[in-house]
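**Student:** Sequence first, then the predicted structure:
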Amino acid sequence: MATSSTVLERAESIPMPGEAAGNWYALHTRPRHEKLVVQRLNERLVETFLPTVTEVHRWSDRKKKVELPLFSCYVFAKFLPNRIERLNVLRVSGVISLVGSQGEGTAIPDSQMDAVRTLLQGEIPWSSHPFLKMGQRVRIRGGALEGLEGILVGRNGSQTLVISVDAIQRSLSVRVEGYQVEAL
């Protein structure tokens with residue numbers, strides 16, 4: 001069985017000549033088909049982005065650096081939001097669907113894609129974190145507030161946990177900067 005240790009950052013992006021016009025979309029792929037999907041999309045002249053990490057896996061007899069997708073089962077592609085382009089992408093073997101509503105996909109802002117690229121290419125330490133949305137019900141893990149549940153909100157640029165007593169329609173809030181928070 002393989003275990004992972006040291007994580008090194010890397011991003012695999014294949015820009016096409018003239019940088020494709022259009023929007024970025026996330027594609028849901030079959031498990032372990034991300035690199036194959038990128039290769040097939042590039043053959044169709046679709047600009048792709050597959051953020052990857054290099055992990056050192058250990059077996060009983062050896063160690064090996066393995067390059068894995070940062071977001072398992074997802075690839076990013078940039079194309080025009082029209083029926084022909086969508087079908088060109090969806091017909092690639094290994095692609096399950098576009099991520100978004102009604103099978104048309106939801107455009108991802110360039111700024112979010114650039115942020116992922118910058119983080120992976122920089123020398124700044126980072127780690128994966130569960131996705132939390134403001135307004136989501138969460139629980140604090142560890143520390144003096146262990147087990148406390150409430151709604152995650154933002155106030156003045158900081159994260160705050162709101163604890164409500166529904167019956168009397170009253171709430172308290174506490175800043176949760178520095179605490180580990182998990183979704184419920």
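**Tutor:** Cool, the structure landed.
**Student:** buried residues in stretch 40-55?
**Tutor:** Within stretch 40-55, the residues scored as buried using 16 or more other Cβ atoms under 10 Å are 40-41, 46-53, 55. Where C-beta positions appear, they are placed from N, C-alpha and C, glycine not excepted.
**Student:** from the residues you listed, which single one is nearest residue 159?
**Tutor:** residue 51 (24.8 Å; Cβ to Cβ).
**Student:** Neighbouring strands of the host helix or strand of the closest one in the sheet, and parallel or not?
**Tutor:** When elements are assigned from DSSP states H and E, residue 51 belongs to strand 47-58. If you go by DSSP bridges, strand 47-58 pairs up with strand 3-14 (antiparallel), strand 63-69 (antiparallel), strand 74-79 (antiparallel).
**Student:** quick one: contacts of the helix or strand following the last one?
**Tutor:** In this case it means strand 74-79. Downstream of strand 74-79, the next assigned helix or strand under DSSP H and E is helix 83-90. Here helix 83-90 makes contact (Cβ atoms under 8 Å, 6 or more residues apart in numbering) with 22, 25, 27, 41, 44, 46, 77, 79, 95, 97-98, 104-105.
**Student:** Lowest pLDDT pick from the buried residues of stretch 40-55?
**Tutor:** Across the buried residues of stretch 40-55, the member with the lowest pLDDT is residue 53, scoring 85.
**Student:** how close does the spatially most central residue of the chain get to residue 62?
**Tutor:** The centre of the chain sits closest to residue 71, judged by Cα atoms, centre = their mean, with a distance of 5.4 Å. Relative to residue 62, residue 71 is positioned 27 Å away (Cβ to Cβ, to the nearest Å).
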